[in-house]
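Asks: Quick one: sequence and predicted model below, then my questions.
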Amino acid sequence: MALYVVATPIGNIKDITLRALEVLKEVELILCEDTRHSGQLLHHYSINKPLLSFHEHNEVQRIDEVIAKLKQGQNIALISDAGTPLISDPGFKLVRAARENGLQIKVVPGPSAAVAALSIAGLPSDKFLFVGFLPKTTGKREALLKRLAEIRRLLPMSLIFYESGHRLSKTLKELAFLFPDHQISLQRELTKVHEEVVNNKVSELAARPPSVKGEITLVVY
């Protein structure tokens, strides 16, 4: 028995590996953030397996149940709504608990919005720091961004952020305060029909922020 951490497409439904499909067809149970959302992916590939909701609001409550099933000999897959589980998504506490219980954990690698964005940003990619979503409170956001600016002065690298459309304008202004002349690549709808990539100086993009919906990946150098 094993817990499989399985990456799924970030947009284009065809971006799933043959091994991921094989594993999802063979496990006894699939943990997913939204059963309706993941159900569409599984239906597309004719995979009919029991689904159990596993998200940030119930992860802690589900762990004992999942660990018990693994100990009973079940093979279980963990997926997220999009991309690689645990990367700004739930799952870390479950993986830690599985390791503490001596259970086998296997990774089925695949899509990640952060890596995908970095690969087409046209910015240095030899060193990068994945920040993910910034804290929601202003004080913590400012403190983190100042710390990142200090780190970059010591070791130049690309910074990768996730952001939502309704907070984009605020975040761009905050980035422009510390990184005005730095380059930024704003990417949305990666791998989808309306994929969009906008490259500019941080200050110029902050002065005329695009009006976009959904989740966005920012790469700053």
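Replies: Done, it's in. Residues are numbered from 1 along each chain as shown.
Asks: surely T171 meets F161?
Replies: Yes: contact between T171 and F161 holds when scored by CB atoms under 8 Å: they sit 7.3 Å apart. Bear in mind the C-beta positions are built from the backbone N, C-alpha and C, glycine included.
Asks: what sits in contact with each of these two?
Replies: L134, L218 (CB atoms under 8 Å, 6 or more residues apart in numbering).
Asks: which of those two has more neighbours?
Replies: Per other CB atoms under 10 Å, whichever of T171 and F161 has more neighbours is F161, with 23 against 20.
Asks: does that one have beta-bridge partners, and which?
Replies: Beta-bridge pairing of F161, defined through DSSP bridges, involves G132, L218.
Asks: ok, now V6?
Replies: V108.
Asks: all helices of the protein, in order?
Replies: Counting by DSSP state H, the chain has helices at residues 18-26, 35-44, 59-71, 92-100, 113-120, 138-154, 168-178, 202-207.
Asks: Save the ones you listed as TSV, and put in distance to L129 too.
Replies: Formatted as TSV, those follow (distance: least, CB to CB, whole Å):
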stretch	distance to L129
helix 18-26	27
helix 35-44	29
helix 59-71	25
helix 92-100	18
helix 113-120	10
helix 138-154	7
helix 168-178	14
helix 202-207	16
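Asks: Nearest approach to S80 belongs to which of those helices?
Replies: Closest approach to S80 among the helices of the chain (CB to CB): helix 35-44, 8.6 Å.
Asks: what's that closest one packed up against?
Replies: For helix 35-44, the packing partners by 3 or more CB pairs under 8 Å, 6 or more residues apart in numbering; DSSP states H and E come out as strand 29-32, strand 51-53.
Asks: Highest mean neighbour count out of the ones you listed?
Replies: With neighbours defined by mean count of other CB atoms under 10 Å, none of the helices and strands packed on helix 35-44 is more surrounded on average than strand 29-32, at a mean of 23.
Asks: Which strands and helices lie in contact with that one?
Replies: Using 3+ CB pairs under 8 Å, 6+ apart: strand 29-32 touches helix 35-44, strand 51-53, helix 59-71, strand 76-78.
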